[in-house]
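[1] Provide a 3D model corresponding to the input given below.
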Amino acid sequence: QVQLVESGGGLVQTGGSLKLSCAASGGTFSHYALGWFRQAPGKEREFVAGIDSSGGFTSYVDSVKGRFTISRDNAKNTVYLQMNSLKPEDTAVYYCAADLKGTGSSSRIYNYWGQGTQVTVSS
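    Model prediction:
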């Protein structure tokens, strides 16, 4: 069973950048597909980006394409989300998630979740 801990959130101005990290422990990291989700107040949890176990396949929600990049370092047991050109609508709690079955945009795919990290983009 894998444990996930996110970091790197914070307050940034519109147009700024942040890089989120999610460190994993307790499992064979290279076997897991990973995803980033976010949840804004009063809204449902939303898929942001996903990456397969090898790092060779990535996917993004349309609203972040061209601005966000998901990557992983299997040697460091860490997945990243580089966020550029941030907008106020990106404000949310960001969660990383993992599962052995494969990446996808549905939260139901993922059995393992971190505690979340707050990202706030000021206008």
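
[2] surely residue 94 is in contact with residue 36?
    Yes. Between residue 94 and residue 36 a contact is recorded at 6.2 Å, counting by C-beta atoms under 8 Å. (Each C-beta comes from the backbone N, C-alpha and C, glycine too.)

[3] contact partners for the closest residue to residue 17 other than its chain neighbours?
    Spatial nearest neighbour of residue 17, chain neighbours left out: residue 84 (4.7 Å); criterion: C-beta to C-beta, 6 or more residues apart in numbering. By C-beta atoms under 8 Å, 6 or more residues apart in numbering, the residues touching residue 84 are 17, 67, 68, 69.

[4] just residue 76 next, same as before
    Here residue 76 is in contact with residue 23 (C-beta under 8 Å, 6+ apart).

[5] and if you look at residue 37?
    Neighbouring residues of residue 37 by C-beta under 8 Å, 6+ apart: 45, 46, 47, 48, 94, 95, 96, 97, 107.

[6] so what are the sheet partners of the helix or strand hosting it and their directions?
    Following DSSP states H and E, one finds residue 37 within strand 33-39. Sheet pairing of strand 33-39 (DSSP bridges) gives strand 46-51 (antiparallel), strand 92-99 (antiparallel).

[7] on the C-terminal side of the shortest one, identify the next helix or strand.
    I take that to be strand 46-51. Immediately after strand 46-51, counting by DSSP H and E, sits strand 58-60.
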